[in-house]
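*Asks:* got a predicted model here, sequence first, then my questions.
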Amino acid sequence: MSTAVVTGAGAGIGRETARRFASRGYRVVVADIDEASAGAVAEEITAAGGSARPYRLDVSSESQWDDCAAWVRGEYGPARLLVNNAGIMDTGGFTEMSAAQWQRTVDVDLMSVIYGSRVFARQMIDAGIRGHIVNLSSAAAFLPARYVPAYATAKAAALMASQCLRVELRPKGIGVTAICPGAIRTDLVAHGERAGLDAERQAAWRAEAGRVQGLAFAGPEKVARVIDTAVHRNRAVVPVNVEAWLAYAGLRLSPALMRGIGGVGSLEVADALLLRLRPLLDRIAK
């Protein structure tokens with residue numbers, strides 16, 4: 001039985017990806033910093049007839065990645081699939097966001113991809129496994145938006161890192177894919193921080209923004225299906241939603257146009273939109 005390691009698998013895209021590969025016959029390591037959520041997903045997979053084990057992992061820690069890889073190899077042998085899904089999205093202007101927020105975003109959204117890819121790629125190479133690594137980038141990697149500069153920067157770097165790794169691992173028979181979803185119904189925004197807000201306003205922003213993200217047309221199961229197909233077909237860069245494809249094409253055709261579009265949106269516009277949407281959100285909640 002082949003082993004798949006999925007990070008951020010306690011909820012959202014990670015959960016659906018773990019479930020999908022378990023249904024494909026993989027033994028899935030459900031990795032998440034929230035040990036209880038990882039355990040619940042592993043139990044869900046097991047109850048459905050699949051094979052899964054929870055594993056607590058702080059993806060921003062290189063040493064924990066080393067320990068994870070050693071544990072996987074000791075328990076099951078070398079992994080055949082790694083899905084670097086865990087991520088965060090803080091919001092705020094480039095200079096408004098603190099250095100700590102920038103560092104946290106880079107550590108989780110970029111360095112975790114590098115740590116995980118390095119240690120599991122080496123494991124695959126040493127074992128001669130023709131495996132696959134999937135890294136979650138974002139449609140934000142194509143759009144220099146004013147309100148998520150740290151997130152967009154980290155995800156763009158993760159996209160380039162994935163392509164560099166793909167070139168390097170191709171002779172080894174190991175595939176690498178970057179997935180760029182777009183707007184998906186997850187808790188990504190609700191779990192992020194907005195620069196410049198006190199605790200009370202922060203909680204209100206998370207609640208409202210999370211409700212808006214809950215209106216997204218596509219759910220995490222769609223991304224899981226795309227990941228499955230991308231691994232099977234060994235694709236390099238895969239936008240998921242229509243808006244992600246449009247941003248991908250727009251950046252290739254006219255970077256200046258994308259900079260113009262990215263300069264239109266702002267958190268002030270988001271606040272005004274939330275105010276207008278509040279009655280609709282309240283009706284949906286009821």
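*Replies:* Alright, I've got the coordinates. Numbers count the residues shown, from 1 in each chain.

*Asks:* how about the strands of the stretch 51-200 of the chain, start to end?
*Replies:* 51-56, 81-84, 132-136, 175-180 (DSSP state E, counting those that start in this stretch).

*Asks:* winner for burial among the ones you listed?
*Replies:* Most buried of the strands of the stretch 51-200 of the chain, by mean neighbour count (mean count of other CB atoms under 10 Å): strand 81-84, with a mean of 28. For every residue, glycine as well, the C-beta is placed using N, CA and C.

*Asks:* ok, residues contacting it?
*Replies:* With CB atoms under 8 Å, 6 or more residues apart in numbering as the contact definition, strand 81-84 has outside contacts at 2-7, 14, 17, 21, 26, 59, 112-113, 116-117, 120, 131-136, 227, 231.

*Asks:* stretch 44-53 now?
*Replies:* Stretch 44-53 is touched from outside by 1, 18-19, 22-23, 26-30, 41-42, 75, with contacts defined as CB under 8 Å, 6+ apart.

*Asks:* put the buried members of these into a PyMOL selection.
*Replies:* Buried residues within the contacts of stretch 44-53, by 16 or more other CB atoms under 10 Å, are selected in PyMOL with:
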select buried, resi 18+19+22+26+27+28+29+30+41+42
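
*Asks:* that older thread, distance to residue 102 and mean pLDDT added to the strands of the stretch 51-200 of the chain, as CSV?
*Replies:* Converted to CSV, the strands of the stretch 51-200 of the chain look like this (distance: least, CB to CB, whole Å; pLDDT from 0 to 100):
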stretch, distance to residue 102, mean pLDDT
strand 51-56, 26, 98
strand 81-84, 20, 98
strand 132-136, 19, 98
strand 175-180, 21, 98
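
*Asks:* for residue 98, which of those is the nearest?
*Replies:* Across the strands of the stretch 51-200 of the chain, residue 98 has its closest neighbour in strand 132-136 (24.4 Å, CB to CB).

*Asks:* okay, the angle between that closest one and strand 175-180?
*Replies:* Using axes from the mean of the first three to the mean of the last three CA atoms, to 10 degrees, the inter-axis angle of strand 132-136 relative to strand 175-180 is 20 degrees.

*Asks:* what comes into contact with strand 132-136?
*Replies:* For strand 132-136, using CB under 8 Å, 6+ apart, the contacting residues are 13, 80-85, 87, 113, 116-117, 120-121, 158-159, 161-162, 165, 169, 174-179, 181, 227, 230-231, 234.

*Asks:* in its sheet, what does it sit against?
*Replies:* Strand pairing for strand 132-136, determined by DSSP bridges: strand 81-84 (parallel), strand 175-180 (parallel).

*Asks:* for that strand, output the C-alpha coordinates as PDB.
*Replies:* These are the backbone C-alpha positions of strand 132-136, laid out as PDB (Å, rounded to 0.1, in the frame of the first residue of the first chain):
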ATOM      1  CA  HIS A 132       4.700  12.900  -6.700                       C
ATOM      2  CA  ILE A 133       4.700  16.200  -4.700                       C
ATOM      3  CA  VAL A 134       1.800  18.600  -4.800                       C
ATOM      4  CA  ASN A 135       2.200  22.200  -3.600                       C
ATOM      5  CA  LEU A 136      -0.800  24.400  -3.000                       C
END
